[in-house]
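Enquirer: Quick one, structure for this:
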Amino acid sequence: MKAIQLLAIVSMVMSLTIISCKKEILQEKTLINKEGHGAKVAVQDSLETLYMMQSNLELLLADRIISKSNGYVLDISKQEATELDIPDELYQKYKTKVNELNKLLITK
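Expert: Residues are numbered from 1 along each chain as shown. Model prediction:
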């Protein structure tokens, strides 16, 4: 009788140990999948951001405004802008914005 009780207790302990181990392994796999999914989402977001930066002409022009010792300049020529299919009106708009920015800095 005692042998049967001892066997039952040992079986229960072993079963609980196995279940516990399986649960930990499943949790680790879930974390790995979540991390992998998160990394995939981050890569996708950065690719979408890169595409947006390269295809949005206003962002492209805004990115080409640089600081020099004597103020800000639009660091793209009219010819380069034309080659990138940037409309002349948009190019002129940003040239004007840079000039206005420099005037504001001079008056301060």
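Enquirer: partner residues bridging Y72?
Expert: S67 (DSSP bridges).
Enquirer: Could you measure from it over to K95?
Expert: Separation of Y72 from K95 (CB to CB, to the nearest Å) stands at 11 Å. Yep, even glycine has a C-beta here, placed from its N, CA and C like the rest.
Enquirer: so who does the closest residue to D63 other than its chain neighbours touch?
Expert: Counting by CB to CB, 6 or more residues apart in numbering, the nearest residue to D63 once its immediate chain neighbours are dropped is M53, at 7.0 Å. Contacts for M53 (CB atoms under 8 Å, 6 or more residues apart in numbering) come out as L59, L60, D63.
Enquirer: M53 sits in which helix or strand?
Expert: helix 2-55 (DSSP states H and E).
Enquirer: The helix or strand that that helix is followed by: which residues count as buried?
Expert: For helix 2-55, the following helix or strand on the C-terminal side (DSSP H and E) is helix 57-63. Neighbour-count burial for helix 57-63 flags L57, L60, L61 (criterion: 16 or more other CB atoms under 10 Å).
Enquirer: How about stretch 72-90?
Expert: L74, I76, A81, I86.
Enquirer: between those residues, which is closest to L104?
Expert: Nearest to L104, judged by CB to CB, of those is L74 at 15.5 Å.
Enquirer: and that closest one, what is it in contact with?
Expert: By CB under 8 Å, 6+ apart, L74 lies in contact with L61, R64, I65, Y94, K95, V98.
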